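Engineer: With the sequence up front, the predicted model follows.
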Amino acid sequence: MAADLDQVRELCAAWPAAARALAALWPGPLTLVLPARSEVPVEITAGTGTLAIRIPALALTRALCRSAGPLVSTSANRAGAAPPLTCAAAVSAVGSAAALALDAGPGQPLASTIVDLSQTRPRLLRAGAVSAAAIEQALGAPLDRPGPEGL
């Protein structure tokens, strides 16, 4: 997660036209997969050379990123389980792994939409809170989409 476009661009090896177009939908629940700069630790990219990044809608999270720098984050739910909508539910879901929890009020029921921009054409990896139609409108072009089993 990043506070602003400057932080995002500091982490990315490339900033294609599609990223510029989709950045207009930030801050919000849209995650972009982009090539990472070589300085980004392999633990962050999991050896893929890419990173999934977004500028969150929550002002508290952006302020934290502004103060501390970009944050590595994951969902507070087990794979396949519904995302927790309260701080208490998130802490319960991760148990002792929660070293710190900031309660900023109820979360959103829909996960972020994930679009892979690391390939030749933008590809929808996960449908979420930002509709594919909104993404295609911002891009001015259709997305590559996996079959229904891939979403």
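Structural biologist: Received it, and whenever you're ready, just let me know what you need. Numbers count the residues shown, from 1 in each chain.

Engineer: CA atoms of whichever strand in the chain runs longest as PDB?
Structural biologist: Across the chain, the longest stretch assigned as strand under DSSP state E is strand 30-35. Extracted C-alpha coordinates of strand 30-35, given in PDB (Å, rounded to 0.1, in the frame of the first residue of the first chain):
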ATOM      1  CA  LEU A  30      -8.000  -1.200  -7.100                       C
ATOM      2  CA  THR A  31      -4.700  -3.100  -7.000                       C
ATOM      3  CA  LEU A  32      -2.300  -3.000  -9.900                       C
ATOM      4  CA  VAL A  33       0.400  -5.600 -10.600                       C
ATOM      5  CA  LEU A  34       3.400  -3.900 -12.000                       C
ATOM      6  CA  PRO A  35       7.100  -4.700 -12.600                       C
END
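
Engineer: Looking at the next helix or strand after it now, give me its mean pLDDT.
Structural biologist: Later in the chain than strand 30-35, the nearest helix or strand by DSSP states H and E is helix 42-45. Here helix 42-45 scores 92 as its mean pLDDT.

Engineer: tell me which element the nearest residue to W15 once chain neighbours are set aside is part of?
Structural biologist: Spatial nearest neighbour of W15, excluding adjacent residues (C-beta to C-beta, 6 or more residues apart in numbering): R9 at 5.6 Å. In short, each C-beta sits where N, CA and C put it, glycine included. Per DSSP H and E, R9 falls inside helix 5-11.

Engineer: And A89, by the same measure?
Structural biologist: Going by DSSP H and E, A89 is in helix 87-94.

Engineer: Tell me the buried residues in that helix?
Structural biologist: Within helix 87-94, the residues that count as buried by 16 or more other C-beta atoms under 10 Å are 87, 90-91, 93-94.

Engineer: Can you read off the pLDDT for the residue nearest the centre of the chain?
Structural biologist: Ranked by distance to the mean C-alpha position of the chain (C-alpha atoms, centre = their mean), the top residue is T31 at 3.0 Å. T31 carries a pLDDT value of 97.

Engineer: what do you get for G150?
Structural biologist: Predicted confidence (pLDDT) for G150: 49.

Engineer: try V91
Structural biologist: pLDDT, read off for V91, is 87.

Engineer: Then the one 4 residues further on?
Structural biologist: In the prediction, the pLDDT value recorded for G95 is 80.
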